[in-house]
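S.K.: Give me a model of this one.
(2 chains)
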Amino acid sequence: MKSLSWALILSALIIGGVELAYRSTGGYPSIQPGWTATELAWMVDRPTSTNTIYVVGDSRIGWGFSPEDFDDELKRIDPEHRHWRSVNAGFAASGLTPLVRFVVDRKSEVPGILVVGYSPAAVYHFKTAPESRSAPTRQEFIDEKLGMFVAKYLYTFSWGWRHLCRHFTESAGGPEKQIAKWYNRIEYRGGFTSASLQWTDGRPVNVSLYQLTYYERILDEIIENLPAAESARDRLVEVLKDAQEKGWQVILLRYPVHEKMRAIESRLSKSLTMERIASEVGCSALDYVSTPRIELTSADTSHLSSWSARVVSRQIADDILPYLSPTRD
Amino acid sequence: MQFDSLFFFATLSILAGLYYPLPDKRTTWAKSLLLGYSYFFYGMWNPAFLLLLLFSSGVGYVTACCIGKYPDRKRVAIVVCLVANLGVLGFFKYWNFLVRAAGVPLQFLGIDSDPALLNIMLPVGISFFTFQTLSYAVDVYRGELKPVSSFLDVALYVAFFPQLVAGPIVRAKHFLPQLRERPDLSYRKIGDGLFWIITGLFLKSVIADNVGPRVDFLFVKWYDLSLIDTWCSAGLFGVQIYCDFAGYSLIAIGLAKILGFSIPTNFNAPYAARGFSDFWGRWHISLSTWLRDYLYIPLGGNRRGTKRTFINLMLTMLLGGLWHGASIMFVIWGGAHGLFLCTERWIRCKLSGIPRPLPGRRYLGPVAVMLTFLTVTASWIPFRAQSPLQCVLMMKNLVAGAWSFNLAGYWDVVVVGLMLLFHLASRYTDLRVRAKESRILRALTITACIVGVYFFSGRSSEFIYFQF
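M.R.: All right, here's what the predicted structure looks like:
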C-alpha cells in the first residue's frame, strides 16, 4: 500500500506538471462545443417510434433547440400530440447534407419528421459530419459525458501523447499564436448545450465580433465560389428528396440570429436561400430570420442564449403543429 | 460494462463505499450487494440477457439440489443440466453456423435450401458463464463438491462481475468456499489488487489499444503483405490478443482481490513456452484446465493408448477452437493446435527411447521456445483472418512471400520482439516476486502504468474475448 501511495503521488506530480506546462504554453481542453458523435448517435438511436421529430443542423440547433420545452409545449397546446417526441440532432460545424444522411440512415426503419435547420454555413461551408458508427452502448454514452466533464478541468485529458508532443514542439519553436478555442461545455436540462470561447492565453473573446468576422469570411467564400455552393445545394436537395421517398416528412427551418448576422447572411445569392431549397424539395419552411415572431437574445450574434433557446423551441412547437397529425404510427 | 472506462470506476467506487463499511462481508446483505452490482454490470449491455444469466444459475442450482436430494437419479439431472445449458449456448452462438453448415452438402447436391437464419445478438460472456455453471453441476455430480443450499451463493458464483464476461473461468470448488470464509481485506491485499488493476489497464489501454489499429490495417491490406509483413501482422496480433486478454484477466484478478476474493491466474508468459503442452499450461489457463478436466479426461485422456490419446487431443482442441466462436476459422485454429499437441506428443514418445543425455541438450530449450513461438504466431492467422481464402494466402506468404517490408515497419518487429523478451524474462525470473520484494520497483512500475494509461492510451475498443 505504501508503494501504491508513493506511486499515486508521483503520478499526480507528473500529470500535474505536464498539465501545468500545457496550460502555460497555450494548451486547451479537448471538449466539443456541442454534442459529441457518440452522444448524437445515442440520441438519434433511442426513439423507436415514427412519432419523432429530429431537428438537425449545426451548432445553432445544438445550442438553440430544447426538446424538453418543445415536447411540453406540444403537449400543452394539443394533448392529442402527447406521443410526439423531439430530438436535438444539432452537431457543431457539421455539414447539413451528411448530417441528414446520418440521421436518415440510422432510422431507416422508423422514419419520422426531419426538421432541417438551414444556415448558409451548414449547407455551403461546413464539411465535417459525425462518423458513421455502430450503435453506442449506454456505457459509451455515459463515459462520453464523464469524459467531457473531466476534460473541462484537466486540459491534457484524452488528447493523447501525439497532440501533446506536437503542441510542445510548436510552442518551443517560437512565440505561440493566439487562437480562440472552446473551453467550457454546458449541458442544459432541456437537452441542449453551449460552450464558451476563449483565447488560448486566457483572455476572453469578444464573441460577437469573433462570430461576425468568422461568418463574414465564410459568406465571402460562398459568394466567390457560387457554382460550388449551388452543387452543395443540389446535393442537399437530393438527400432531402431521397428522405421523403423513404417516408420522412421534411420541414426546413431557419433559426433566428442577431440583426448584424442577418445583414451578413442577406448577401447570399437568391439561388442559395432556404426558400429555393424548400421549393425544389417541395416541403414547408419556417423562417425565423426574415419574419422573427418573438423577441430573443443572442449569445454571440449566431447562437441563441439558453433562455431564448427555450422560448424559440416553444414557438417552433406552436408553428409546427399544423404540419403534424396526432400520430404517424 | 467495460473495465477501461470512467463510468465503471465511478460505479465501482460507489460499490466500494457501500461494501467496505460492512462489518461482515459474507452476510446475505453483502453478497446481495455484490450480486446486484454484478447484474447491473451485465445489464448495461442488454438487460434482457439478465434472464439468461438467471436461467443458467437457476438450472445449475436446481441440478445440484436434485443430485444432493436424489443421488440415484443424478445422471438424469446432469443430462438435463447439460442439455439446458449447452442448448442455450448452442442456440445463441451456433445456430446460424450449424444451419449454414447443414446447407453446404445440400448445395452440393443441387438442392436449393433456404436456411432459417436468426437475427440474434450473441449475449456477452455466454460461453464463460455457461462453463462456470457446468463446472458447478459436474463437480456436484462427481461428488467433488456438496450442493450449496443458498441460491444467492450460486448466482453470485456464476455472475461475479470481475470474471463474468471474459473469465478467468472460475471453478465452483475454488469460489464457493470463499463465500463462507472471512475475507482477507488487509491494506496489503487491497494494494496488491490495485496493482493488478493498474497493470491490466496498462496492457489493455496502452499496448492492445495502440497495436489494434495497426493490426486492423495489416489484416485489411493482407493481399499486399510480403513475407516479413505477414510475420509481423501475425506477431502483432499475438501481442494485441495477449495484452487485451491478459489485461482483462489481471483487472479481474485485481478486482476480485480488492473485494476479498481470489480467482486463478489465467496467463503465465505463454510466448516463452517450450512446446505446445507448455503453451496451453500458460495461455488461457482457466479454459485449458477446464477442457482438460471436463472433456479430455472424461474422454479417456491418455489412458487408452496412443491412437485414442491423439483422437482425444484433437477432439478437445477442435471443441476448444469452436468454443471461441461459430466460425470455421476457429475450428481450423483449434485443429491446428490439436495437431501441434499430437506431433509434440509423438516426438516426445520417440525421444523417450533415446538414451540420455541428448547431444546439444542445452540448445534444445531455446530452440523449442523459438519454434513454439513461431508456430503459435503463425497459428494466429486463422484466428484473426476474415475468410478461409485470406487465411490460406497469408499462410502461404509466411513461407513464400517476398523478403521485404511492404507495409510493416521496424517498429512492428520491435514491439513483437519486446513482447517475446518480456515473456522470456518472466519465465526465468518471477517479475511478480521481484515487484513484491522491491518497493521502489513496485512504485515505479505503478507510476509508469498510471502515467502511461493517462497519456498513451489508444482509442478504447471492446475486449476481444467479449465476443466469445
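S.K.: Run a quick neighbour tally on B:Val415.
M.R.: Neighbour count of B:Val415, defined by other C-beta atoms under 10 Å in any protein chain shown: 20. Using the backbone N, CA and C atoms, a C-beta is placed for each residue, glycine as well.
S.K.: OK, contacts around it?
M.R.: Counting by C-beta atoms under 8 Å, 6 or more residues apart in numbering or on different chains, B:Val415 makes contact with B:211, B:236, B:239.
S.K.: tell me which element the first one is part of?
M.R.: Think B:Val211. helix B:209-220 (DSSP states H and E).
S.K.: Let's test this: mean pLDDT of that helix, rounded?
M.R.: Helix B:209-220 comes out with an average pLDDT of 91.
S.K.: anything in the next helix-or-strand element following that helix near chain A?
M.R.: Moving toward the C-terminus from helix B:209-220, the next helix or strand (DSSP H and E) is helix B:227-258. No - Helix B:227-258 lies apart from chain A when judged by C-beta under 8 Å from any C-beta of the partner chain; the minimum separation is 11.4 Å.
S.K.: Just the angle for helix B:227-258 relative to helix B:209-220, thanks.
M.R.: 140 degrees (axes from the mean of the first three to the mean of the last three C-alpha atoms, to 10 degrees).
S.K.: Tell me the one of the contacts of B:Val415 nearest chain A?
M.R.: Taking C-beta to the nearest C-beta as the measure, chain A lies nearest B:Val211 of the contacts of B:Val415, at 15.1 Å.
S.K.: need the residues of chain A near chain B, please.
M.R.: Close to chain B, as judged by C-beta under 8 Å from any C-beta, chain A has residues A:1-4, A:6-8, A:10-11, A:14-15, A:18, A:137-139, A:142-143, A:146-147, A:150, A:156-157, A:160-161, A:164.
S.K.: swap the cut-off to 6 Å and go again
M.R.: A:1, A:3-4, A:6-7, A:10-11, A:14-15, A:138-139, A:142-143, A:146, A:161 (C-beta under 6 Å from any C-beta of the partner chain).
S.K.: least trustworthy position among these, going by pLDDT?
M.R.: Ranked by pLDDT, these bottom out at A:Met1, which has 76.
S.K.: which secondary structure elements does the helix holding B:Val211 contact?
M.R.: Other elements packing on helix B:209-220 under the criterion 3 or more C-beta pairs under 6 Å, 6 or more residues apart in numbering or on different chains; DSSP states H and E are helix B:227-258.
S.K.: Give me the average confidence score over the helix it packs on.
M.R.: Helix B:227-258 comes out with an average pLDDT of 93.
S.K.: ditto for stretch B:17-36
M.R.: Rounded mean pLDDT across stretch B:17-36 is 91.
S.K.: quick revisit: and the contacts of B:Val415, which of them are buried?
M.R.: Among those, those classed as buried by 16 or more other C-beta atoms under 10 Å in any protein chain shown are B:211, B:236, B:239.
S.K.: quick one on the thing from earlier: closest to B:Phe310 among the residues of chain A next to chain B?
M.R.: Taking C-beta to C-beta as the measure, B:Phe310 sits nearest to A:Gln139 out of the residues of chain A next to chain B, at 45.3 Å.
S.K.: The closest one touches B:Met1, doesn't it?
M.R.: Yes - counting by C-beta atoms under 6 Å, A:Gln139 does reach B:Met1; the two are 5.2 Å apart.
S.K.: Quickly list what's touching both of those two.
M.R.: B:Met44 (C-beta atoms under 6 Å, 6 or more residues apart in numbering or on different chains).
S.K.: before we move on, the earlier item: looking at the residues of chain A next to chain B, state which has the most neighbours.
M.R.: A:Ala7 (25 neighbours).
S.K.: could you list every residue that touches that residue?
M.R.: B:443, B:446-447.
S.K.: Could you do B:Asp412 as well?
M.R.: Taking C-beta under 6 Å, 6+ apart, one finds B:232, B:236 in contact with B:Asp412.
S.K.: what residue ranges in chain B score low on pLDDT?
M.R.: B:112-115, B:355-360, B:432, B:461-468 (pLDDT under 70).
S.K.: run the last query once more with 80
M.R.: For chain B, the stretches with pLDDT under 80 are B:97-121, B:167, B:351-363, B:401-402, B:404-409, B:429-437, B:459-468.
S.K.: Backbone torsions only: list them for the residue sitting furthest away from the middle of it.
M.R.: Distance from the C-alpha centroid of chain B, by C-alpha atoms, centre = their mean, peaks at B:Gly110 (40.6 Å). Geometry field for B:Gly110 lists phi and psi as phi 80, psi 20, criterion degrees, to the nearest 10.
S.K.: Next to chain A, which bits of the stretch 151-300 of chain B? Give me the list.
M.R.: So the stretch 151-300 of chain B meets chain A at B:187, B:191, B:194 (C-beta under 6 Å from any C-beta).
S.K.: Now A:Glu19. Nearest residue, chain neighbours left out?
M.R.: Spatial nearest neighbour of A:Glu19, chain neighbours left out: A:Thr156 (5.0 Å); criterion: C-beta to C-beta, 6 or more residues apart in numbering or on different chains.
S.K.: To clarify, my last question referred to B:Tyr296.
M.R.: Using C-beta to C-beta, 6+ apart and skipping residues adjacent in sequence, the residue nearest B:Tyr296 is B:Thr316, 4.5 Å away.
S.K.: Model confidence score at A:Glu176, please.
M.R.: 66.
S.K.: Please report how far the closest residue to B:Gly200 other than its chain neighbours lies from B:Val104.
M.R.: The shortest distance from B:Gly200 to any non-neighbouring residue, by C-beta to C-beta, 6+ apart, is to B:Leu250 (3.2 Å). B:Leu250 sits 41 Å away from B:Val104, taking C-beta to C-beta, to the nearest Å as the criterion.
S.K.: Name the residue in those two with the higher neighbour count.
M.R.: Per other C-beta under 10 Å, whichever of B:Leu250 and B:Val104 has more neighbours is B:Leu250, with 24 against 9.
S.K.: which ones are touching that one?
M.R.: Here B:Leu250 is in contact with B:196, B:199-200 (criterion: C-beta under 6 Å, 6+ apart).
S.K.: just for chain A, where's the confidence low?
M.R.: In chain A (pLDDT under 80), the answer is A:1, A:132-133, A:173-178, A:289-296, A:324-329.
S.K.: quick one: the helices in it?
M.R.: Using DSSP state H, the helices of chain A run over A:2-24, A:37-45, A:59-64, A:67-77, A:96-106, A:120-124, A:138-153, A:161-172, A:207-224, A:226-245, A:259-265, A:274-281, A:306-320.
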